[in-house]
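Enquirer: quick one: sequence plus predicted model below, questions after.
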Amino acid sequence: MRVLPKSLVLSIVAACALLGVLAWFWVRRAESQTKQSYVGYFAPVYSPDGQYVYFVERSTSGTVKETQKPDLFSMSSKYDVLVAQDMFSLKRLRVESGQIEELIRFPPSPLEGQHYEVIGSPFHVPGAGLKFVKGQQLDFGVCLTVHQVPIAREYQSSGVWSEARHAAEISNSWKESSCQFGGNDQWPLFGDWELIQVPGRNFFSPSILAYNHVTNDVQVLIKTRDYDRLYPHGVPLQQIASAARRSAIERTQTMLRTHEELVQKYKSMGMTEIEALLRTGKDMQRLGYYPKSTTLVARLLSREESAQANLDKNALFTIAKEEMESGTFHDIEQAIANPGEEVDRTGDYPIHRDYSTSARLNTYLATGKTQFYVRYLGQTYELTIKKP
């Protein structure tokens, strides 16, 4: 039997040890770097006839490695991510049968094929907005917010689906621009039903529910495998009810309808478009649909009341005709021309180079006073500032 040299034996042992270390390293690396895939549903809306539910689907896959766990300084994990696929598509579901049809597939998102580090959601934050306009025309858009410290970039793709032509057109394909989706649009509602987008992992909604606010019935219209893992017994009814936006949506509908009716009313009275809009804005404030602004109200004083006003010299401001015509006191001019009518307060008055009245008045009002007197063209007016 041939005996191997000691140096050769040591070399073989060292090589085996190195292979063992490498094998352990690759096993550990595989454990920490996992392939992940998600499917999510966004912005569900009913068609005007209630026969279909339109929505955006996102399908994403890639390799994700957690490089830093949450700590005292960061509440979120840090990931190293390689995105293999990131696709968005516009789909619709026939409510009666549950059949799903893909209407259009967007070009791959800016994330596809990218390798990056991120804190928080590995595949960043998606968004979508769908809205029916002009009958059977559906405006759609998808958005992707990419958080890259120290800034966040937003990418948007949008288009139009025509039911009449059964065709879709994409007008903007992943253009870097601000995302402006959201609000309380009417289309998630149809009769007593409301569409609910179920929260999921990493901003991927795993299901779309239909919720009846009268009977509390819940229908699962579409779901991913993740839905059953996250909600093995279904989404609790209390959570569904708290996520419902019916009251806010119906208020928005009423507000828009009221605004349009008022504009048409004032235009029919002979007002211009601008005049009708201004008058409508005041009415919407009065009705509680718009937040009220700070206003100014004037009251013409009698001679006896004027004499009392003379006692408080600090609160009395005499404005010359030329100074008033300079536009310095626009709200005061409007108020004294229409005693008893609230006009919008303009704030601090500009300082005029030839007059000192505006500077004195600004100083007086800065102390918190809400009432003062103005003498103009021989008349004295009491002016009151009304805050919301």
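Expert: Noted; the coordinates are in hand. Numbers count the residues shown, from 1 in each chain.
Enquirer: what's the local residue count around residue 138?
Expert: If you count neighbours by other Cβ atoms under 10 Å, residue 138 ends up with 24. (Each C-beta comes from the backbone N, C-alpha and C, glycine too.)
Enquirer: cool, and residue 231?
Expert: Residue 231: 18 surrounding residues under other Cβ under 10 Å.
Enquirer: ok, it touching residue 201?
Expert: No - contact status for residue 231 versus residue 201: not in contact, 11.8 Å apart, counting by Cβ atoms under 8 Å.
Enquirer: quick one: residue 141 from residue 188, how far?
Expert: Separation of residue 141 from residue 188 (Cβ to Cβ, to the nearest Å): 16 Å.
Enquirer: next one: residue 232
Expert: Taking Cβ to Cβ as the measure, residue 232 and residue 188 are separated by 26 Å.
Enquirer: between those two, who's got more neighbours?
Expert: Relative neighbour count places residue 188 above the other of residue 232 and residue 188, with 24 against 7, counting by other Cβ under 10 Å.
Enquirer: name the nearest residue to that one, sequence neighbours excluded.
Expert: Spatial nearest neighbour of residue 188, excluding adjacent residues (Cβ to Cβ, 6 or more residues apart in numbering): residue 195 at 4.4 Å.
Enquirer: secondary structure element holding that neighbour?
Expert: Per DSSP states H and E: residue 195 is located in strand 193-197.
Enquirer: elements contacting that strand?
Expert: Applying 3 or more Cβ pairs under 8 Å, 6 or more residues apart in numbering; DSSP states H and E, one finds that strand 193-197 contacts strand 33-46, strand 207-212.
Enquirer: turn the ones you listed into a markdown table, columns for mean pLDDT.
Expert: Shown next, in a markdown table, are those (pLDDT from 0 to 100):
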| stretch | mean pLDDT |
| --- | --- |
| strand 33-46 | 92 |
| strand 207-212 | 97 |
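Enquirer: so how far is residue 197 from the spatially closest residue to residue 219 that is not a sequence neighbour?
Expert: Leaving aside its sequence neighbours, residue 219 sits nearest to residue 210 (Cβ to Cβ, 6+ apart; 4.3 Å). Relative to residue 197, residue 210 is positioned 11 Å away (Cβ to Cβ).
Enquirer: check contacts around residue 271.
Expert: residue 279 (Cβ atoms under 8 Å, 6 or more residues apart in numbering).
Enquirer: ok, it to residue 283 distance?
Expert: 12 Å.
Enquirer: residue 103 too?
Expert: Taking Cβ to Cβ as the measure, residue 103 falls 41 Å from residue 283.
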